[in-house]
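# Make a model of this:
(2 chains)
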Amino acid sequence: AQTVTQSQPEMSVQEAETVTLSCTYDTSESDYYLFWYKQPPSRQMILVIRQEAYKQQNATENRFSVNFQKAAKSFSLKISDSQLGDAAMYFCAYRSSNKYIFGTGTRLKVLA
Amino acid sequence: EPEVTQTPSHQVTQMGQEVILRCVPISNHLYFYWYRQILGQKVEFLVSFYNNEISEKSEIFDDQFSVERPDGSNFTLKIRSTKLEDSAMYFCASRPGLPSYNEQFFGPGTRLTVL
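Residues are numbered from 1 along each chain as shown, chains lettered A, B, ... in the order given. I've put the predicted structure just below:
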């Protein structure tokens, strides 16, 4: 069965600095999709970025980028120029067939 | 921009009562999902629904749970006899049919409190 591990329960970053959130996963599948979702205090799940496993190029979305290492089964999220509004829980998710498997989340604090 | 909506935002019920959580997925989406998040824990998959039937369900989704798409727009989750441990945030999500990489779009969630 697939598993997703986020080893950092909490991270802090100074405003305007860069932070990297870690995610590793385990799977025997060769074709799959990975996602990072943001959950602010409102608890709405908001998509941050998506990566298709068959693509070698790392996905980028404005200040958000990933470091996807397929062989190592690692999918970290880098947030550049951190803003106060980035403060939230961040969940890494693996899409297996028709469902998401989520990690336990990393709470990101942004310090002014 | 179209979005998934859920009602109610907060439901309080007594243990043993039936509850129905409602969701309106995005109109042209074909796949529908329910997830649950117990406070402070990760989001867990409950069930997926496609072509008017369950396509996959988790161990959590036992006989106390059922889903229905009664009228082509609503997608409901029913818990027949609620238990204290059913207290959680319940998220509905939907996804278009194609392309296959499309992400799931989540609703704002319903907080269920079982007393």
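# so residue B:45 bridges to which residues?
residue B:35 (DSSP bridges).
# you'd agree it is up against residue B:59?
No - Residue B:45 is beyond contact range of residue B:59, at 10.0 Å (criterion: CB atoms under 8 Å). No exception for glycine: its C-beta is placed from N, CA and C like everyone else's.
# who's more crowded, the two?
Remark: of residue B:45 and residue B:59, residue B:45 carries more neighbours, 21 against 7, as counted by other CB atoms under 10 Å in any protein chain shown.
# Poorly predicted segments of chain B, please.
B:99-101 (pLDDT under 70).
# State the helix or strand in which residue B:6 lies.
If you go by DSSP states H and E, residue B:6 is part of strand B:5-7.
# mind checking how far residue A:89 is from chain B?
Residue A:89 is 10 Å from chain B, where distance means CB to the nearest CB, to the nearest Å.
# Where does that residue sit, in terms of helix or strand?
If you go by DSSP H and E, residue A:89 is part of strand A:88-96.
# Nearest spatial neighbour of whichever residue of chain A sits closest to chain B, chain-adjacent residues omitted?
Going by CB to the nearest CB, chain B is nearest to residue A:45 of chain A, at 3.8 Å. Distances taken as CB to CB, 6 or more residues apart in numbering or on different chains put residue B:106 closest to residue A:45, at 3.8 Å, once the chain neighbours are dropped.
# Could you list the paired strands of the worst-scoring helix or strand of chain A on mean pLDDT along with their orientation?
Sorted by mean pLDDT, DSSP states H and E, the helices and strands of chain A end with strand A:99-102, the least confident at a mean of 90. Strand A:99-102 pairs in its sheet with strand A:88-96 (antiparallel), by DSSP bridges.
# ok, now which ones touch residue 8?
You didn't say which chain, so I picked chain A. Counting by CB atoms under 8 Å, 6 or more residues apart in numbering or on different chains, residue A:8 touches A:21-22, A:106.
# sorry, should have said chain B
B:22, B:110.
# Do stretch B:71-86 and chain A come into contact?
No - if you take CB under 8 Å from any CB of the partner chain as the test, stretch B:71-86 misses chain A, and the best it gets is 14.9 Å.
# thinking again about what came up before, please produce CSV containing the contacts of residue A:8, extended by neighbour count, pLDDT and secondary structure.
Converted to CSV, the contacts of residue A:8 look like this (neighbours: other CB atoms under 10 Å in any protein chain shown; pLDDT from 0 to 100; DSSP: H, G, I helix; E, B strand; the rest coil):
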residue, neighbour count, pLDDT, secondary structure
A:21, 24, 98, strand
A:22, 17, 98, coil
A:106, 22, 96, strand
